[in-house]
Structures are given as structure tokens and as C-alpha cells.
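>>> I'd like to go over a predicted model; first the sequence, then the structure.
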Amino acid sequence: MIEVKETSRHTMLDKAINRAKERHTSPLMSMTKKIRPTDPLAFFEAAKKLSMDRTFWSSTAEDFCIAGVGSAFDVKAETDRVEQAEISWKKLRHDAVIHNPYETPGTGLLALGGMSFDPAKRQSLLWKNFPQLALTVPAFMLTKQGNTCYLTINIQVQENDHPLQLERKLQQMEAVLMGASGDLPKGAHIEAQQEVAPGEWKETVKFAAESIQQQHAEKIVLARELQVKLTDQAAISAVLNKLIETQPNSYVFAFERNGDCFVGASPERLVKQETDTILSTCLAGTASRGNTKKQDTEIADNLLHDEKNRREHDFVVKMIRQSMAHYCTDITIPDEPVIYPLKNLQHLYTPVTATLLDGYSIFDIVEKLHPTPALGGVPRDESLAFIRRHEALDRGWYGAPVGWLDSNQNGEFAVAIRSGLIRGDQASLFAGCGIVKDSDPETEYDETNIKFKPMLSVLGG
Ligand SMILES: C=C(O[C@H]1C=CC=C(C(=O)O)[C@@H]1O)C(=O)O
Ligand SMILES: [Mg+2]
């Protein structure tokens, strides 16, 4: 990896082509510049003109957003996926010719993507475009931090490439993306919706609670699917815009692959890395919001003291504490959870801070933490075996880590909940619940109904 101060794109392309010749590889050329304030969603929408898949990540609370267009490189892995992805990412970084004079996390060489919840579960056709793990290095990437915008252009070069030709191609595409008007298309709305086997799901919840009573496990998270038919093709930029507006305490994300798009607004951070500073979150235990301030506070107070929800939550805290100890020191976790309010519901929340030990990476943490008992259960193996056997749906990327990492040891992954897979004018939405020994199927069913709301409402339900 080399860093260059002031330089032109032509020089950088030349360097990359020379490196391709020297090392007999196809390195990435990655170049970042500051640009005028640009609306990431207009940029995202403009990519339609180039017929390229898109990626999107925003952490609204931190006024931070990444919009990616196309793919200069896909880090993909099927078996030993996290380990393989790290090897492939390190090689990519080692060979890359990078020009990024900024320190800002989320600029420069960066990959965004996700992985499936359970690589051992047989993949259904629904998720055919989503590999076990895929991290995309966008061809064009807009990073917005507050009011400052950066454009990163990545291109993979071959030894017989011609810098002038590449330069012209990049210029044309850049002009299309940057010349976008701010208008987003009007979204379609929901024409019909259908819950997938709700009766059977409640039976499975009952069975899970009984298994827990018989001490086969302590907690099992069960999810279900809601299928939606839209009046027209969904406009992903409009969906993202509405998620950002309505879910301010969440990570809003979209990963488009071959036209299918996994979209959501998750409140659950799995891990955030800024060099050696690590943040994680325990989020489990749920209640509705009140209609008045007084009612809302009462519900929050009950949630904080509710034994069943505290149990759901404490499993997560315990597991995250233990897992982090493998790769971190200075692990700080408050003794008691607080309330994390969202538009449609409230959760029990415990933040975690730690320092990453030398020699470890965000890949190690993601690998160790996933799935936390907020999405899998306790013990991990028993709960996963139960889910594999008895849960009717293919979770695909739902419930798994989604996020980004850059080449300067920064990154962030969330747990992909409150989400759905959109395929043209159809969508599959997913929501789950932590089942413990005293879970009641009807109450858990109601909880999943509230968890569908963020996605349903932006789809016009
Ligand atoms: C599995 C989901 O939520 C998890 C995260 C927070 C609270 C949860 C709960 O209270 O059951 C779940 O563990 C989902 O939203 O699909
Ligand atoms: Mg719950």
C-alpha cells in the first residue's frame, strides 16, 4: 500500500498499471477527493442511469453516510467466510495504489456488505443473489460526514490497460453521478400483504418455550416472514429516504445485488471500530411506545423491571462480555440497561466499550460476536440447531452482520434486523423475538408485528 500527497488520476492509473506488470496482479487504484456538498440519495438514484448495483449505509445519529455505486471488487466467500474474506481484503489492500489525503473514517479504500445469518442452513431461491458473505468495494463512493463530502473512485486495473482510456471512462461516469438532480422518484405502495404461516410460527414458539423449560436451551430467537406485493417496482432511494426520516436512532442500509435489494433500519450495533477503540451494543428486550408521555414512561419503567425481558437482555450482555475478552482489554459495561427509544417500540440497551488488542481486527470481532443471543440464542450451538430445524424461513442476510470497513482500521457493523429483501414489486420482511422459558406465543407474535412496522410504513403500508 502506498500513500501519495498531491497527484493526478492519470499518474495514479499509471502507477497501478505498473504495479500490475511488476506483481502480475490486478490491483485496485483508489483515489479520494473532497467535493461540494452532494445529496447521497441523489447520487444513489443517479446510479440507475449507469445500471449498476448500489450500496448504502448511514448512521443518522452521527450524520454519517456512505453511498456506493457499482463494484470495483467484490470480496466474496462461501466457506470459512470471515477468515477467507479477511485474507482477500488484506491482499487487496496490500496491492492497492491508494491516494487518500484525509483521515476521515469511511473514506478511501473501503468495502461494504454483509453475510448470511447461518452458512450451515441450505440457501433458498429467495436469496440466490446473496452469497454467504459479500463485501463490495464500490466503483464510485460518496462519503458524507456532517456537511463535508468526499468522492472515492476505485478501479481494478490490468497490466495491458491504457490509462487514457480508463481515465475517459471514469470521467464520463463521474459526470453522470455528479450531475444528478435532487429529485427522488415516488415510491410504490403496498397492494397486498401476507403473513407466512403465523399459526405454525406460534406453535414453534410454544415448542421452543417448552424445550427451554426442559433445559434443552435457555433462549432461542425465532423469526417469521411477511410477504408484500407492491403496486409497482420499489424505488430504493425513496425507501431509504423515508427510513432515514422515520428511524433516527438506527443504521439505514441497502445492499443491491443483481437488482435484488436488502434494505433496513437497524437500531442494533454489533461493533464499531476506530483504530483500537471498540464499541458494541447489547440490545434485546422489547416493549411498545405509549400514546402519551406518561404512558410511555410507565411502559419504559415496566420494561426496565420486567423479569422476562431482563432475562432476554442479560443473556446478550453476558455473551458479549465473554466474547470481547478474547480480543479486547478495558471492557467497560454498565451494570444496568437503559431504555433505547425508537419510533414504534423501545428496547433495553447496554453499551459496551473496549480496547482492541494488537494483531486483531474487526473481522475477528464480527466472527466472534455473530450471532449474539439477540438473534441466535443460548447456548449458541443448541439454539442454532433448533432454528435450523424448526424455523420455516430462510433468513438469508436478515439477522446477520452488515456494515463496512476501510483500510485505516475503521469500520462498523450492525445486526441486520427491521429489514426486508425487495425484488422488483415484491418484498419479504423479517422480524424475530427472543424466546425464553416463560414466553407467550401471542405476546411474541404481537412483538414481531411491531417490529415489521418500520419497513411496512416506508413501503406505504
Ligand atoms: C430479532 C429481532 O430483534 C432482536 C433485537 C432486539 C430485541 C429483541 C427482542 O426483544 O426479542 C430481539 O432479540 C428483530 O427485530 O427481528
Ligand atoms: Mg423480545
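Structure's in. What do you need? Ligands and ions are numbered 1, 2, ... in the order given.

>>> near ligand 2, which residues of the stretch 51-200 of the chain?
Counting by CB under 5 Å from the ion, no position of the stretch 51-200 of the chain is adjacent to ligand 2. All C-beta atoms are positioned from the backbone trio N, CA, C, and that covers glycine.

>>> just the helices in the stretch 51-200 of the chain please.
According to DSSP state H, counting those that start in this stretch, the stretch 51-200 of the chain carries its helices in the segments 81-95, 163-178, 198-213.

>>> just put those in CSV and tack on mean neighbour count, distance to ligand 1 and mean pLDDT.
Below are those laid out as CSV (neighbours: other CB atoms under 10 Å; distance: least, CB to the nearest ligand atom, whole Å; pLDDT from 0 to 100):
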stretch, mean neighbour count, distance to ligand 1, mean pLDDT
helix 81-95, 17, 21, 97
helix 163-178, 15, 34, 95
helix 198-213, 17, 11, 98
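
>>> contacting residues around the closest residue in space to residue 382 that isn't next to it in sequence?
Leaving aside its sequence neighbours, residue 382 sits nearest to residue 217 (CB to CB, 6 or more residues apart in numbering; 4.4 Å). Counting by CB atoms under 8 Å, 6 or more residues apart in numbering, residue 217 touches 208, 211, 377-379, 382-383, 386.

>>> of the residues you listed, which pair is most distant in space?
208 and 379 (14.0 Å; CB to CB).

>>> overlap between the contacts of residue 217 and the residues near ligand 2?
By CB under 5 Å from the ion, no member of the contacts of residue 217 lies near ligand 2.

>>> restricted to strands, list those residues.
377-378 (DSSP state E).

>>> could you look up the SS state of residue 298?
At residue 298 the chain is in helix, as set by DSSP: H, G, I helix; E, B strand; the rest coil.

>>> the closest residue to it other than its chain neighbours: how many residues sit nearby?
For residue 298, ignoring the flanking residues on the chain, the nearest one in space by CB to CB, 6+ apart is residue 290 at 6.6 Å. Counted with other CB atoms under 10 Å, the neighbours of residue 290 add up to 14.

>>> again, but for residue 305
9.

>>> then the one 10 residues further on?
By other CB under 10 Å, 25 other residues sit near residue 315.

>>> flag every residue of the stretch 301-450 of the chain that's near ligand 1.
Within the stretch 301-450 of the chain, the positions lying close to ligand 1 (CB under 6 Å from any ligand atom) are 312, 347, 374-375, 417-418, 431-434.

>>> ok, now how distant is residue 329 from ligand 1?
Distance, residue 329 to ligand 1, by CB to the nearest ligand atom, to the nearest Å: 27 Å.

>>> residue 360 is in contact with that residue, correct?
No: when contacts are counted by CB atoms under 8 Å, residue 329 is not listed as touching residue 360 (11.0 Å).

>>> neighbour count winner among these two?
residue 360 (16 against 11).

>>> thinking the more buried one is in contact with residue 354, fair?
No: taking contacts as CB under 8 Å, residue 360 lies outside contact range of residue 354: 11.0 Å.

>>> quick check: neighbours shared by the two?
By CB under 8 Å, 6+ apart, the residues touching both residue 360 and residue 354 are residue 328.

>>> could you check which helix or strand contains the residue nearest the centre of the chain?
Geometric centre of the chain, nearest residue: residue 402, 2.6 Å, by CA atoms, centre = their mean. Per DSSP states H and E: residue 402 is located in strand 401-406.

>>> so which strand or helix has residue 420?
Judged by DSSP H and E, residue 420 forms part of strand 419-423.

>>> list the pairing partners of that strand within its sheet, with orientation.
Strand 419-423 pairs in its sheet with strand 260-266 (antiparallel), strand 426-435 (antiparallel), by DSSP bridges.

>>> ligand 2: which of these is closest?
Closest approach to ligand 2 among the strands paired with strand 419-423 (CB to the ion): strand 426-435, 4.4 Å.

>>> follow-up on the earlier one: quick one: average confidence on the strand holding residue 420?
In this model, strand 419-423 has an average pLDDT of 98.

>>> what's the answer for stretch 139-153, then?
Rounded mean pLDDT across stretch 139-153 is 97.

>>> can you list contacts of it?
Residues outside stretch 139-153 that contact it (CB under 8 Å, 6+ apart) are 9, 30-38, 40, 43, 47, 52, 63-72, 100, 102, 104, 106-110, 138, 154-155, 170, 173-174, 177-178.

>>> point me to the residue of the stretch 151-300 of the chain nearest ligand 2.
Residue nearest to ligand 2 within the stretch 151-300 of the chain: residue 286 (4.3 Å; CB to the ion).

>>> gap between that residue and ligand 1?
4 Å.
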